[in-house]
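Asks: kindly generate the corresponding structure for this input.
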Amino acid sequence: MSIKLSKALNFEGIRSMVERVSQKNSTQWDAKDVESTANRSMQEVGKNDENIVTVETEWL
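Replies: As a prediction, this is how the structure comes out:
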């Protein structure tokens, strides 16, 4: 594979390809992190809503 790759691309081409793949992977990881954070936030909102309902019913 490396022999074919080195014949097809020069050093700058290989470097550019590696940068693009790295950026794509970074973007994918960032998207997963955002999704995970959003899920945790929604869980916290749900817990807070449950706590508010509990406090309101205790006052009644």
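Asks: for Leu26, which residues are in contact?
Replies: Just to correct that, residue 26 is Ser rather than Leu. Residues near Ser26 by CB atoms under 8 Å, 6 or more residues apart in numbering: none. C-beta coordinates here come from the backbone N, C-alpha and C atoms, glycine included.
Asks: residue ranges with poor pLDDT in the chain?
Replies: 1-9, 53-60 (pLDDT under 70).
Asks: hey, where'd the helices end up in it?
Replies: 2-8, 11-59 (DSSP state H).
Asks: tell me how far the longest one lies from the chain's centre.
Replies: Centre-to-centre, helix 11-59 and its host chain are 6 Å apart (CA atoms, centre = their mean, to the nearest Å).
Asks: gap between the residue positioned nearest the centre of the chain and Glu12?
Replies: By CA atoms, centre = their mean, the chain has its centre lying nearest to Lys32, at 2.3 Å. Lys32 sits 31 Å away from Glu12, going by CB to CB, to the nearest Å.
Asks: near Ile14, how many other residues are there?
Replies: 14 (other CB atoms under 10 Å).
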